[in-house]
Each structure stands twice: as structure tokens, then as C-alpha cells.
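Chemist: sequence? don't have it. structure:
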């Protein structure tokens, strides 16, 4: 009997610990999205040009790539919960320091610290969720992570909008003599503190406990999750899945001992991670307000568009939760790739018609502004019903137990490096060669991702983690 079919599965307890684990996703989203409405404040406070804005925005991604790489390995040393608790501390420290930063250098340090937390949460939360949930519902419960990421992004967009509206602008004075953009960072200290406290009440991953030789503790956790009979079977299954390698997980396990080459499953994981970023989604998340202002919308309207995009993203993720364990991971990825390619091409065409006025302001003629807005939001929907949640679902479950932490470390590192390359380059690319060519490039990568999925991605729906090979 599999864990997914156990008669005594405690779904209330499972739902509770998934809810706590996915607060990390919320913080991931909030810390990533808060920068969206603060760029005018950063530019004014630190006298930044386009390159400077790109570096300050992209600083979090440097930390995220390092955090993702280290977290995968640390999770095999101090546990999944231990890494998440460390991430909560990093989120809190980053929020306080970023809001108080008196120079660009200090701000960059603060965002790198936050990035360490984002990177850690981005790879460990999906692993933890996949390791404590039944196979039959693992996809939908893992997809909650993306809902929380988007909720965090939307929460940041709403907070930015409300604070800027209340103060009269993101650079206007708000409370205690500080401008609104600084409070946008400080506000995230609240969910960071909640995250840390909530983590004290959830158990460690039973698969980590077995790998560390703590089978009695693992049995206790599994009993609470699935009942004593299923727990006994699962401890044996986990132990057997690790028995082929009589050592603790390490990075060199990613290399096939027979061929001496990196395992194919690792390349698939890296490909999924990189393509998720090459389609340009974080341009919308990080630069949404700036982007819409560049084509004629006011700051107030641009921040409202961000909120709309966030709400649509949550709706798309909820659709994924309903479908992922029914039709599978691979079909959703294919649908998303095709939809993103078409909508990104439409956005590129709309931007190709942009007209610059005598005052330097840019407008889109006729209905092209509306077409760009609709296509951009459809693009967000396609992403968040497919590559947004599914990439994290698959990275959390596709690797065998022995290499799960190491596989996540390498794939997460690749994901954040690609994220940094796209995000830091966008401000300069938007000027030359321009938005139309830049979005054409994202559309091209979306099209290529379709063929990548068809050729190299294998379905994982309904499979036990102990049955994963690679």
C-alpha cells in the first residue's frame, strides 16, 4: 500500500505543515516583488542611472543563486526545516537593512542577504512539501508553493500601491519622516517573523531523518502523516532507496559512476530551471511598473496593473492545482510553452509600433496599448498555470532520494543565474535594441522550451519518490 492510498492519511496535519512551509514561497514572492514599486525612490536616493538600477534590482539574484546552491547541500546536513528557519532570519534582516540603507552599497548588501533567503526558500520548500505529502496529491500540494509566491508578489504590489497612494508617491514622506519606498521594505519584516515562529511547529522531513540514520524519529513523523502501518512500510522503502549508496548524499552523486558523466536527469532539471527564466517572466515581476510607465501609463495606473497581474496569476495557479494530478505535469508545460510563445510575440509586435512624442513620452497607437496589456496578462496566466508552479513541482520530486538535495542545489543555482541575466540586462535592452526585439527574444525561448519538454521531460504524476530514477 502506497502512502497515497493509506487509510489513515492525516490530511489536516499535512495541509497545516504545507501551509507553514509555503510561507517561504510568500516571502520569496514578496522579497522579489517589493522592488517593483521602489525604483523611483532608489534612483532619487542613490542617484542611480539605468545600469545602477539594474545592479540594485539584480543584487537579490546574486544572493538567490548562492542561497539556492548552498541550501540544497545544507538541507542534507542540517535538515529541510533548519534551512527554512535560516531563510526566515535572512528575510527579516534584509527587510530591516534595505529600508534603512543610506547608500547603494548598503542596499545591495541588504538585497544579497534577502536573496540568500529567497534562494534557500525557493528550493527547500518544494522539496519539503514533496517529502511529506502522498503521491496522489503531491502535485497539487506542491503547486500551493507557486500560489504563495504569487500571493507574496501581489501582496508586495498591493502594499506598494497603498503606501504610495497614501503618501502621495513612492518618494513622498510617509511615517516618522521616512519616504514610502523605505516602508515598502520594512513592512516585509512582519511575514518574515511569522514564518520563523510557524516553522517551530512543523516536523523535519522523514526522508532526511532516515538518511541521517534517525529512523525512530522518521517513524514518528510518518505515523502522524500516514498512520503506523504505512509509516513502517515507508521507512523501509526510504531505507531501501538509499541502500545502493552506503554514504550520505554529496554533490559528486550527480555524476554517473558507470559513464563518468553528469546524470541525464540533472541536465533535465537544469533545463527546466533555466527555461523558466529565459521566457522573461521576472521582467514583469521586477519591472512591471516601470514597463507600463514607459508606454504611457501613470505610476498609479502602473501599480494597479501589477495588482491585476498578480490576481490573474493566483487564479491561474489555482487552475494548476485542479489539473496537475489529473492530466499531469508534462501536458501543462507544453500548453504553457505554446501559449507564452504566442502572447509574447503579440507583446513584441505591439511594442514595435511605439511612438515617441516631442516630450520624450512613449505611446502605443490605436488599440495597441490595450492589445499589449491583454497579451501581457494572458502571458502571465499561461506562465502561472504551467512553468511557474510545475518547474518547482518537478524539481522537488523528479530526483532520486540520494541526489535530491544536490540536484536541487545545481538546478536552483542555474535558475537564479538565468534570472539574474534576464533581470539585470532588461533595463539596457529596453533602450537598445528596444522592447520589441527584447520580447521577441523571450518569445523565441518560449518556443524552444516546447520542444525541450517534448524531448527530455518525463511525466512524474502519481509516482512515489522512492521510484524516481536518473
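Modeler: Happy to help now that I have it. Just so we're clear, the structure is a prediction, and the values are computed from it rather than from any experiment.
Chemist: which residues touch stretch 14-28?
Modeler: Residues from elsewhere that reach stretch 14-28 (C-beta atoms under 8 Å, 6 or more residues apart in numbering): 84, 87-88, 91, 117-118, 121-122, 124-125, 128-129, 132-134, 141, 144-149, 151-152, 155, 188, 191-192, 194-195, 198-199, 201-203, 225. All C-beta atoms are positioned from the backbone trio N, CA, C, and that covers glycine.
Chemist: my read: residue 199 touches residue 86, true?
Modeler: No: using C-beta atoms under 8 Å as the test, residue 199 is too far from residue 86 to be in contact (9.9 Å).
Chemist: re the thing from before, show me just the buried residues among the contacts of stretch 14-28.
Modeler: 84, 87-88, 91, 117-118, 121-122, 124-125, 128-129, 132-134, 141, 144-149, 151-152, 155, 188, 191-192, 195, 198-199, 202-203, 225 (16 or more other C-beta atoms under 10 Å).
Chemist: where exactly do the strands run in this structure?
Modeler: Assigned by DSSP state E, the strands in the chain fall at 355-356, 362-363.
Chemist: Where among these is average confidence lowest?
Modeler: Among these, strand 362-363 has the lowest mean pLDDT, at a mean of 66.
Chemist: where does residue 147 land on pLDDT?
Modeler: On the pLDDT scale, residue 147 gets 80.
Chemist: Wait, it touches residue 318, no?
Modeler: Yes: counting by C-beta under 8 Å, residue 147 touches residue 318, with 6.7 Å between them.
Chemist: For the nearest residue to residue 86 once chain neighbours are set aside, give me its contacts.
Modeler: In this structure, residue 86 finds its nearest non-sequential neighbour in residue 120, 6.6 Å apart by C-beta to C-beta, 6 or more residues apart in numbering. Residue 120 makes contact with 67-68, 70-71, 74, 83-84, 86-87, 90, according to C-beta under 8 Å, 6+ apart.
Chemist: my guess is residue 237 meets residue 231, correct?
Modeler: No: counting by C-beta under 8 Å, residue 237 stays clear of residue 231, with 10.6 Å between them.
Chemist: neighbour count winner among those two?
Modeler: Set side by side, residue 237 and residue 231 show more neighbours around residue 231, with 22 against 19, by other C-beta atoms under 10 Å.
Chemist: Point out where the stretch 51-200 of the chain drops to low pLDDT.
Modeler: For the stretch 51-200 of the chain, not a single residue meets the criterion pLDDT under 70.
Chemist: repeat that with 90
Modeler: 51-81, 98-108, 111, 115, 118-185, 187-189, 191 (pLDDT under 90).
Chemist: ok, residue 386 to residue 427 distance?
Modeler: Distance of residue 386 to residue 427, given as C-beta to C-beta, to the nearest Å: 27 Å.
Chemist: Looking at those two, which has the bigger crowd around it?
Modeler: A direct count of neighbours by other C-beta under 10 Å for residue 386 and residue 427 places residue 386 higher, at 29 against 22.
Chemist: and that one, what does it touch?
Modeler: 320, 332-333, 335-337, 339-340.
Chemist: For it, which non-adjacent residue is closest in space?
Modeler: That would be residue 336: by C-beta to C-beta, 6+ apart, it lies 2.3 Å from residue 386.
Chemist: need the contact list for the one you found.
Modeler: Taking C-beta under 8 Å, 6+ apart, we find residue 336 in contact with 382-383, 385-387, 390.
Chemist: Could you rerun that using 10 Å?
Modeler: By C-beta atoms under 10 Å, 6 or more residues apart in numbering, the contact set of residue 336 is 276, 279, 316, 320, 379, 381-391, 446, 449-450, 453.
Chemist: do you know how far residue 48 is from residue 138?
Modeler: 44 Å.
Chemist: In terms of neighbours, single out the busier of these two.
Modeler: More crowded of residue 48 and residue 138, by other C-beta under 10 Å: residue 138, with 27 against 18.
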